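> Requesting a structural model of the entry that follows:
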Amino acid sequence: MRRSGGSLLLAVAGLLLTGCLYHFAGGGLPPHIKTVAVLPFDNETPQPTLQRELYDLMRRDVQNRLGLREASESKADAVVRGKILRYDPDIPAAYSADRNAQATTTERKLQITVDVDIVDQTTGRTLWTRRGMLEEGTYAERSEADGRHQALTKVVNDIIAGAQSQW
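You can find the predicted model right below:
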């Protein structure tokens, strides 16, 4: 009895170890996904730099954090694509009052809304999709780029977490 319990424990430990290795090596995607193409997201906003900023962050982090190699769209096992739907950079977040009791904004926030799909090109199956993903960043007045970077980083983190949840 003791011997079979030990064998069962070893088998469970082996399965857990294999699961952990799979998770770290494959990032939660199916095992045949080794390469990825991150496409520039369609930009439906008037902010022209958003597309490039998001694309650069996505390429770096999706490959590094999911352990995938970059490939062209025609050769990649998976494709990440999406749309930047909304960019609202001027939302008051915090106020301070001066001696004349006039309110002045000291901190602002911005919001970015995107749609995202990760598609397995081998099977044609959508591995992960998210519509209307909304992220925010905060920034001191006249430092919009800081808030934008913060919000875009959150978008990328959500996409990577979504891909990792697929195991």
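
> Would you indicate which residues of stretch 81-98 are buried?
81-85, 87, 89 (16 or more other C-beta atoms under 10 Å). The way it works is simple: take the backbone N, C-alpha and C, and place the C-beta from them, glycine included.

> go on, stretch 113-128?
For stretch 113-128, by 16+ other C-beta under 10 Å, it's 113-121, 127-128.

> Who are the contact partners of Asp115?
Contacts for Asp115 (C-beta atoms under 8 Å, 6 or more residues apart in numbering) come out as 82-83, 85, 129-133.

> ignore the last one, Gln63
Here Gln63 is in contact with 36, 38, 69-70 (C-beta under 8 Å, 6+ apart).

> Going through those, which ones are buried?
Buried among the contacts of Gln63 by 16+ other C-beta under 10 Å: 36, 38.

> what about Val155, neighbour count?
24 (other C-beta atoms under 10 Å).

> Relative to the whole chain's centre, how far out is the strand or helix carrying it?
Assigned by DSSP states H and E, Val155 belongs to helix 144-164. Remark: helix 144-164 is offset 6 Å from the chain centroid, using C-alpha atoms, centre = their mean, to the nearest Å.

> Quick one: mean pLDDT for it?
Mean per-residue pLDDT for helix 144-164: 95.

> ok, now stretch 78-97?
Here stretch 78-97 scores 87 as its mean pLDDT.

> Likewise for stretch 38-53?
96.

> Could I get the buried residue list for that stretch?
In stretch 38-53, counting by 16+ other C-beta under 10 Å, buried: 38, 41, 43, 45, 47, 50-51, 53.

> Kindly list the longest strand within the chain.
strand 78-97 (DSSP state E).

> Return the list of strands paired to that one, each annotated with direction.
Note on strand 78-97: by DSSP bridges, its sheet partners are strand 35-38 (parallel), strand 42-43 (parallel), strand 103-120 (antiparallel).

> In CSV, please show the C-alpha coordinates belonging to that strand.
The C-alpha trace of strand 78-97 is given here as CSV (Å, rounded to 0.1, in the frame of the first residue of the first chain):
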residue,chain,number,x,y,z
ALA,A,78,0.0,32.5,-34.3
VAL,A,79,-0.9,36.1,-35.1
VAL,A,80,-1.8,38.9,-32.7
ARG,A,81,-3.9,41.6,-34.3
GLY,A,82,-6.3,44.3,-33.2
LYS,A,83,-7.7,47.8,-33.3
ILE,A,84,-7.1,50.8,-31.2
LEU,A,85,-10.7,52.1,-30.9
ARG,A,86,-10.5,55.0,-28.6
TYR,A,87,-7.9,57.4,-27.0
ASP,A,88,-9.1,59.9,-24.5
PRO,A,89,-6.1,61.7,-23.1
ASP,A,90,-7.6,64.5,-21.1
ILE,A,91,-9.6,63.3,-18.1
PRO,A,92,-9.1,65.3,-14.9
ALA,A,93,-8.0,63.0,-12.1
ALA,A,94,-6.9,65.2,-9.2
TYR,A,95,-7.3,68.8,-8.3
SER,A,96,-5.7,71.3,-6.0
ALA,A,97,-6.9,74.7,-4.9
